[in-house]
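Novice: Sequence and predicted structure below; questions after.
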Amino acid sequence: MAIEVKNLTYTYSANTPFEKRAITDISFSIKEGETVGIIGSTGSGKSTLIQHLNGLIRAESGSIKVYDIDLTAKKPNFKRLRSMVGMLFQYPEYQLFEDTVLKDVSFAPRNFGYNAEQAARAAREAIELVGLDYEIVKDKSPFELSGGEKRRVAIAGVIAYRPKILILDEPTAGLDPAGKKEILSLIQHLKSGGIRTVIAISHNMDEIAEYTERVLVLNEGRLVADKTPKELFADKNAFANTGLALPHTANIANLIREKGADIPNTPLTTEELCKDIVAYLGGDNG
């Protein structure tokens, strides 16, 4: 297993007047190679959970293992952990800080023991892998770039040191539809370029439906569902009291069913929805 979490609980400001339970008794495992979405309303514990996975928050109770690293041990090897788990927070361009793109993307490899030549080579590979022209951007300030380009540079800065696991918190937040599609396609591409496992938080159910293989649903700090997108969005009870909405395609299919059309599937993409409608219209009821 890439990640194993058992009975994880965490409380902010424990034993103070500001005490707040963030997550309660959460257990799950993630196999190497999976693309997993984490969804839930604001305050459901999503960000608290993922920050446990690279040691930004220490477990209060329960256990966490990332490959062979026990994060609840007295002295986990955090440097090795973070070389294996790359994390991009919401609006990752805010993580940019160097005066050139090359220096920014080289920073993490240098921090993890690469010499100057190795770090520069890793940075160039990462910049090119995220679809930027190395010769054009390498000497530019990252703050001169467009929003989408900044997002790509931030991703390059994480993948440059080749983590096994990539964790993304709202990777498409603030981008226009074209930018969102570019970033999601890039994340898929990265899995063929060395990133083995991807975990993504998103409030966008259409993205979760199309780009993940499995979905964890949090509600008020508890794990209330762990299903494939197809299973999840076909199960109305899985969304009870979560404040979450169905993907547009699944919602449209439900509205068509209410009009009497026999559409048996739960379409997760526009292409699937169109095929289901065409199949219905071409059948005996057409």
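Specialist: Cool, got the structure. Because the structure is a prediction, the values reported are computed rather than measured. Residues are numbered from 1 along each chain as shown.
Novice: would residue 99 count as being in a strand?
Specialist: No - counting by DSSP: H, G, I helix; E, B strand; the rest coil, residue 99 is not part of a strand but coil.
Novice: Residue 46 contacts residue 218, doesn't it?
Specialist: Yes - between residue 46 and residue 218 a contact is recorded at 5.7 Å, counting by C-beta atoms under 8 Å. Quick note: C-beta positions are derived from backbone N, CA and C, even for glycine.
Novice: what's the overlap in contacts for those two?
Specialist: 38, 39, 40 (C-beta atoms under 8 Å, 6 or more residues apart in numbering).
Novice: got a list of what the residue nearest to the last one when sequence neighbours are not counted touches?
Specialist: In this case it means residue 40. Leaving aside its chain neighbours, residue 40 sits nearest to residue 218 (3.6 Å; criterion: C-beta to C-beta, 6 or more residues apart in numbering). Shown in contact with residue 218 (C-beta under 8 Å, 6+ apart): 23, 26, 38, 39, 40, 44, 45, 46, 49, 224.
Novice: if I look at the third one, how far off is residue 5?
Specialist: It stands for residue 38. As judged by C-beta to C-beta, to the nearest Å, residue 38 and residue 5 stand 12 Å apart.
Novice: was I right about residue 166 contacting residue 195?
Specialist: Yes - counting by C-beta under 8 Å, residue 166 does reach residue 195; the two are 4.8 Å apart.
Novice: Can you spell out which residues form a bridge with residue 223?
Specialist: According to DSSP bridges, residue 218 are recorded as the beta-bridge partners of residue 223.
Novice: How many residues are close by it?
Specialist: 22 (other C-beta atoms under 10 Å).
Novice: doesn't residue 216 make contact with it?
Specialist: Yes - taking C-beta under 8 Å as the definition, residue 223 is a contact partner of residue 216 at 6.1 Å.
Novice: Now do the shared contacts for those two.
Specialist: Joint contacts of residue 223 and residue 216 (C-beta under 8 Å, 6+ apart) are residue 28.
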